[in-house]
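> Here's my sequence, what's the structure:
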Amino acid sequence: MRWPKPLIAAAFAALALPTAVLASPDGSTVAAQAEERAPITILISLDGFRKDYLERGLTPNLAALAAGGVQAGMYPSFPSLTFPNHHSIATGLRPDRNGIIGNTMSDPNHSPDFWVGGTDAWWWNESVPIWVAAEKAGIPTATEIWPGTTVATNGIFPTDWHQFGFTIGMRHRTDSIIDWARRPAENRPRFMMLYIEELDHAGHEFGPDSPEVNETLAALDVQLGRLRDALAGMGQPANLVIVSDHGMAARSEERVVPLYVEIDGLGVAVEQGAYSSINPLPGKDAALADVLLKPHEHMQCWRKGELPARFEYGKNPRIPEFFCLGETGWAVRGKAPKPGDKPWNGGTHGWDNQDPLMRAIFIANGPAFKAGSALPDFDNVDVEPLLRELIGLPAHDAEIDGTATVFRDVLAL
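Residues are numbered from 1 along each chain as shown. The predicted structure follows:
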């Protein structure tokens with residue numbers, strides 16, 4: 001899908017400088033030049049923002065952006081974890097193809113392992129995310145702690161970026177976006193990405209129905225209001241695309257499958273939580289299969305190549321040989337607990353990506369979108385081709401998993 005030439009021209013043509021008439025101190029008039037700013041695009045991820053959180057009445061700024069633009073629910077890619085889904089949003093490829101198959105990964109061809117962040121660019125190089133494609137096309141980008149942007153993915157950094165730090169709060173991160181938008185045209189980013197994880201932390205620590213989650217929702221909404229007002233105040237039109245990576249469901253130490261007992265001496269768990277992925281110890285594949293592939297209460301296990309087709313997951317060589325998925329609300333402990341480990345209470349995610357409790361949000365607002373539009377829930381791999389349309393990148397040469405056709409009727413063409 002292509003935008004008509006007039007819309008692209010409006011977004012990316014050379015900036016016009018209309019004349020305004022101002023009063024001088026002596027009462028005469030003088031001509032002044034005011035910049036007419038071309039639209040920019042800002043992708044915002046609110047980690048762990050479950051779709052139905054919008055119904056709590058705590059996010060008036062988000063509600064206003066939705067009413068003035070487009071709203072939908074979004075299916076995360078499987079597994080419904082942070083790093084795989086941020087890279088799915090950024091590449092248009094599901095984890096099986098984008099290479100970030102979990103929050104924790106092992107690879108026999110590389111050391112050390114990948115663990116929640118991946119500061120080694122090697123892990124990110126199986127696919128080309130949109131900020132890399134934009135930079136290659138001469139479109140300047142700026143990223144505020146978006147996963148994968150703080151390393152030289154495919155050998156390329158964004159034009160502007162900040163190193164990750166949990167102490168950098170949501171207000172500081174929002175200020176970075178505002179400051180980049182204030183820049184003069186010659187060095188103003190045309191595409192920016194903002195990541196905020198506080199809501200996910202509150203959901204993990206206290207559970208999705210906690211006062212702490214509600215407080216964080218309200219605080220996030222304040223920052224989005226600040227951003228909207230700052231952009232309006234500087235006369236900067238912007239297409240805001242606001243997403244989350246997954247939802248959140250309650251868990252309890254009383255709903256844990258102690259898988260580590262069954263696999264002791266047979267396999268090693270790489271990941272654990274809503275699911276556990278396990279590699280067999282040498283010579284133990286058949287014995288491990290006998291243990292895992294029998295029926296279990298509150299959990300189902302498969303060989304990696306036999307996962308349900310709808311997950312579109314299991315072909316990437318980084319995925320361990322066996323995969324055990326808990327029933328939503330039931331966690332799978334693949335590793336023996338250690339002294340001092342916290343009880344598995346609060347909330348988590350990673351379960352079936354079709355479960356409504358894992359559903360993410362999508363809100364888009366700006367000159368490219370029709371006001372008051374709604375869409376059926378769609379897959380998060382569709383976001384990247386939409387972003388390409390917004391910033392003027394050509395379509396992919398190779399086939400990806402997402403498509404922008406879902407947005408055809410809500411674009412203000």
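
> Report the residue spans of the stretch 101-250 of the chain with pLDDT below the cut-off.
Judged by pLDDT under 70, the stretch 101-250 of the chain has its weakly predicted residues at 116-118.

> 90 instead, please
Residue ranges of the stretch 101-250 of the chain with pLDDT under 90: 107-120, 150, 163-167.

> Please enumerate the helices of it.
130-136, 170-182, 198-206, 211-233 (DSSP state H, counting those that start in this stretch).

> ok, His296 - contacts?
Residues in contact with His296 (CB atoms under 8 Å, 6 or more residues apart in numbering) are 257, 324. Using the backbone N, CA and C atoms, a C-beta is placed for each residue, glycine as well.

> sec struct for the residue positioned nearest the centre of the chain, please.
The centroid of the chain falls nearest to His86 when counting by CA atoms, centre = their mean (3.4 Å). Here His86 is helix, with the state taken from DSSP: H, G, I helix; E, B strand; the rest coil.

> isn't it right next to Thr143, touching?
No. Applying CB atoms under 8 Å, one finds His86 not in contact with Thr143, separated by 11.2 Å.

> quick one on the thing from earlier: of the helices of the stretch 101-250 of the chain, which approaches Val381 most closely?
Closest of those to Val381 is helix 130-136, at 11.9 Å (criterion: CB to CB).

> list the buried ones in that closest one?
130-135 (16 or more other CB atoms under 10 Å).

> Any chance you could list what contacts that helix?
90-91, 140-141, 143, 146, 149, 153-154, 156-159, 190-191, 193, 384, 387-388, 391, 393.

> From these, which land in strands?
Using DSSP state E, the members of the contacts of helix 130-136 that fall in strands are 141, 143, 191, 193.

> need the contact list for the nearest residue to the second one once chain neighbours are set aside.
When you say that, I think you mean Thr143. Of all residues not flanking Thr143 in the chain, Thr149 sits nearest, at 3.9 Å (CB to CB, 6 or more residues apart in numbering). Neighbouring residues of Thr149 by CB under 8 Å, 6+ apart: 131, 143, 157-158, 161, 193.

> at 6 Å instead, please
By CB atoms under 6 Å, 6 or more residues apart in numbering, the residues touching Thr149 are 143, 158, 161.

> before we move on, what about Asp401?
Per CB under 6 Å, 6+ apart, neighbours of Asp401: 93-94, 381.

> Specify which member of those residues is nearest to Lys338.
Closest to Lys338, out of all of those and judged by CB to CB, is Arg94, at 33.1 Å.

> Okay, and the beta partners of Asp160?
Following DSSP bridges, Asp160 is listed with bridge partners Ala142.

> thought it was touching Thr141?
No. Counting by CB atoms under 6 Å, Asp160 sits too far from Thr141 to count as a contact (7.6 Å).

> What about Glu36, how many residues nearby?
12 (other CB atoms under 10 Å).

> what about it, distance to Ala185?
10 Å (CB to CB, to the nearest Å).

> Leu259 now?
Taken as CB to CB, the span from Leu259 to Ala185 is 56 Å.

> Kindly report the same for Val256.
In this view, Val256 and Ala185 are 55 Å apart by CB to CB.

> With neighbour numbers in mind, choose between those two.
Set Val256 next to Ala185 and count neighbours by other CB under 10 Å: Val256 wins out with 18 against 12.

> That one: what's it in contact with?
331, 333, 344.

> so what pLDDT did Pro356 get?
Looking at Pro356, its pLDDT stands at 98.

> quick one, which of Asp160 and Thr141 is more surrounded?
Thr141 (26 against 17).

> still on that earlier bit, now the helices of the stretch 101-250 of the chain in JSON lines, please, with extra columns for distance to Leu292.
Shown next, in JSON lines, are those (distance: least, CB to CB, whole Å):
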{"stretch": "helix 130-136", "distance to Leu292": "38"}
{"stretch": "helix 170-182", "distance to Leu292": "41"}
{"stretch": "helix 198-206", "distance to Leu292": "27"}
{"stretch": "helix 211-233", "distance to Leu292": "34"}
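
> out of those, nearest to Thr348?
Among the helices of the stretch 101-250 of the chain, helix 198-206 sits nearest to Thr348 (CB to CB), with 6.2 Å.

> other SSEs contacting that closest one?
Using 3 or more CB pairs under 6 Å, 6 or more residues apart in numbering; DSSP states H and E, the elements in contact with helix 198-206 are helix 211-233.

> pLDDT on the helix or strand harbouring Val261, on average?
Element membership for Val261 (DSSP states H and E) is helix 259-263. Averaged over helix 259-263, pLDDT sits at 98.

> if I look at the nearest residue to Leu307 once chain neighbours are set aside, how far off is Glu135?
Take Leu307 and drop its neighbours on the chain: the residue closest to it by CB to CB, 6+ apart is Gly314, 4.3 Å away. In this structure, Gly314 and Glu135 are 32 Å apart, going by CB to CB.

> ok, now Ala336?
Using CB to CB, Ala336 is found at 45 Å from Glu135.

> mind giving me the domain split of this structure?
Residue ranges for the domains of the chain, per automatic domain parsing: 40-100+118-249+363-410, 256-345.

> which one of these is the most hemmed in?
Stretch with highest mean neighbour count among the domains of the chain: domain 40-100+118-249+363-410 (a mean of 20; mean count of other CB atoms under 10 Å).

> circling back to that earlier point, taking the contacts of Asp401 one by one, which sit in strands?
Members of those lying in strands (criterion: DSSP E): none.
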